[in-house]
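A.B. asks: the sequence isn't on hand, but the structure is:
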């Protein structure tokens, strides 16, 4: 993930940005909690697509079509939601003078999308906008931290506009705002806030818009005071993230790791899966994963699955849901397919 700084540095050189400007861009990327959280809290392989996306943009700027195509093909190995990112990337490439890169990207996107959906029973509407379920938004330190970092590029550009007393709206902001809007309205059902592992894919789009703004204002000069302030902000955000990691450490419960790992082998990724938030990230990119807090006994369909860690206290799941699960686990309407160390997996065998 950190190697994504290299294509950012190359793009900064191509666009004639100063080393001081690169410090800001590098900070927005390397210290970005949207990137770090998905990389360290719960490692998500899909985040490795970000450096490939950054390299693809640089290669398009340098008109290296062969290397660009190879990079796109490597990008396709990182999850189904990457198709939406590639669609936005196609729009970004339409801003380039050489439209061949947009055409190649669109062609790879179509083939990739069809291959991914071939033989899968997957509702298009549910994949694109799974947020049809109500989003249980909870204010937390992490949510505030992420929100600050999403807003940071906008605030930084606003200060540039005020400083130069000239308004400039980079066309790259259009794709960044489209991506941000779609993401907020299609948040992963596994989350209790609009931020999940896919949030990090917005980072390149935001950074390209900031870098284009810096390019428009040509060589931006930085006073020692401004440079010191920026460094202080970056270090402050790093300190907050360190505090957040320390605060989150209590949720790591190694005594159940083996049981939870075994439990995951007993569920189908093509059926609805209800699980607590400490389990959901490990189910991968399946669109059928649903937080246990949103379990509705009246709409629990035949074939639905439940992973229940009885030793985990999930504060966002109501006592009524847990009472229902306790009754269901002793009911003929559900078959227990796995049970170990307080972790239970059962499958619904009758409609409710």
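C.D. replies: That came through fine. The shown structure was predicted, so the numbers you read here are calculated from the model rather than taken from an experiment.
A.B. asks: which residue ranges of the stretch 1-150 of the chain form helices?
C.D. replies: Secondary structure of the stretch 1-150 of the chain (DSSP state H, counting those that start in this stretch): helices located at 5-14, 19-30, 33-40, 49-61, 65-75, 82-93, 100-117, 124-128, 141-164.
A.B. asks: which residue is the nearest non-sequential neighbour of residue 98?
C.D. replies: Distance criterion CB to CB, 6 or more residues apart in numbering; nearest residue to residue 98, sequence neighbours excluded, is residue 63 at 5.9 Å. Yep, even glycine has a C-beta here, placed from its N, CA and C like the rest.
A.B. asks: quick one: pLDDT of the nearest residue to residue 27 once chain neighbours are set aside?
C.D. replies: Spatial nearest neighbour of residue 27, chain neighbours left out: residue 234 (4.2 Å); criterion: CB to CB, 6+ apart. pLDDT for residue 234: 76.
A.B. asks: how far away is residue 234 from residue 291?
C.D. replies: Separation of residue 234 from residue 291 (CB to CB, to the nearest Å): 33 Å.
A.B. asks: tell me which of these two has more neighbours.
C.D. replies: A direct count of neighbours by other CB atoms under 10 Å for residue 234 and residue 291 places residue 291 higher, at 22 against 17.
A.B. asks: got a list of what the closest residue to residue 48 other than its chain neighbours touches?
C.D. replies: Once flanking residues are discounted, residue 48 sits nearest to residue 78: 6.0 Å by CB to CB, 6+ apart. Residue 78 makes contact with 45-46, 48-49, 52, according to CB atoms under 8 Å, 6 or more residues apart in numbering.
A.B. asks: got CSV for the residues you listed, with distance to residue 88, neighbour count and pLDDT too?
C.D. replies: Converted to CSV, these look like this (distance: CB to CB, whole Å; neighbours: other CB atoms under 10 Å; pLDDT from 0 to 100):
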residue, distance to residue 88, neighbour count, pLDDT
45, 20, 13, 72
46, 15, 20, 74
48, 18, 18, 84
49, 13, 24, 85
52, 15, 21, 92
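A.B. asks: tabulate the residues you listed in JSON lines, adding columns for distance to residue 262.
C.D. replies: Below are the contacts of residue 78 laid out as JSON lines (distance: CB to CB, whole Å):
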{"residue": "45", "distance to residue 262": "21"}
{"residue": "46", "distance to residue 262": "24"}
{"residue": "48", "distance to residue 262": "27"}
{"residue": "49", "distance to residue 262": "29"}
{"residue": "52", "distance to residue 262": "33"}
